[in-house]
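# Fold the following, please.
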Amino acid sequence: MGTPQEARVLDITGREEIPDEPGAAALSLMINSTGAVCLHLKPLMTVEDLDEAAKKTPAYRAPGQ
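Below you'll find the predicted structure:
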């Protein structure tokens, strides 16, 4: 009887230009659907994007409140 195979966890950081959010979502869905890897995408934002975000006041309610 063989030993169970251990899952290997590797953190890899990379940078890729994807033209738009739907394209990025499609890429993530395609890669994650294989089950071979777990891809997390984080958009890079400009300083101007962050300044605009800081001006917004979104509504938020914590879970259980």
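
# Thought I12 was touching C38, still the case?
No - with contact defined as C-beta atoms under 8 Å, C38 and I12 do not form a contacting pair (11.1 Å). Where C-beta positions appear, they are placed from N, C-alpha and C, glycine not excepted.

# neighbour-wise, which of those two wins?
Taking other C-beta atoms under 10 Å, C38 and I12 do not tie; C38 has more neighbours (9 against 6).

# for the more buried one, what are its contacts?
Listed by C-beta atoms under 8 Å, 6 or more residues apart in numbering, the contact partners of C38 are N32.

# quick one: secondary structure of it?
On the three-state scheme (DSSP: H, G, I helix; E, B strand; the rest coil), C38 is labelled coil.

# how about low-confidence regions in the chain?
Counting by pLDDT under 70, the chain has low-confidence residues at 1-7.

# please redo it, this time with the cut-off set to 50
Within the chain, no stretch has pLDDT under 50.

# Now stretch 19-33: buried residues?
By neighbour count on 16 or more other C-beta atoms under 10 Å, the buried set for stretch 19-33 is A24.

# what residues does that stretch touch?
By C-beta under 8 Å, 6+ apart, the surrounding residues in contact with stretch 19-33 are 18, 37-41, 43.

# now for the residues you listed, which pair is the farthest apart?
By the measure C-beta to C-beta, V37 and P43 form the most distant pair in the contacts of stretch 19-33, at 19.2 Å.

# Could you identify the helix or strand that succeeds the lengthiest helix in the chain?
Criterion DSSP state H: the longest helix present in the chain is helix 21-33. Downstream of helix 21-33, the next assigned helix or strand under DSSP states H and E is helix 47-55.

# I appreciate the help and will end here.
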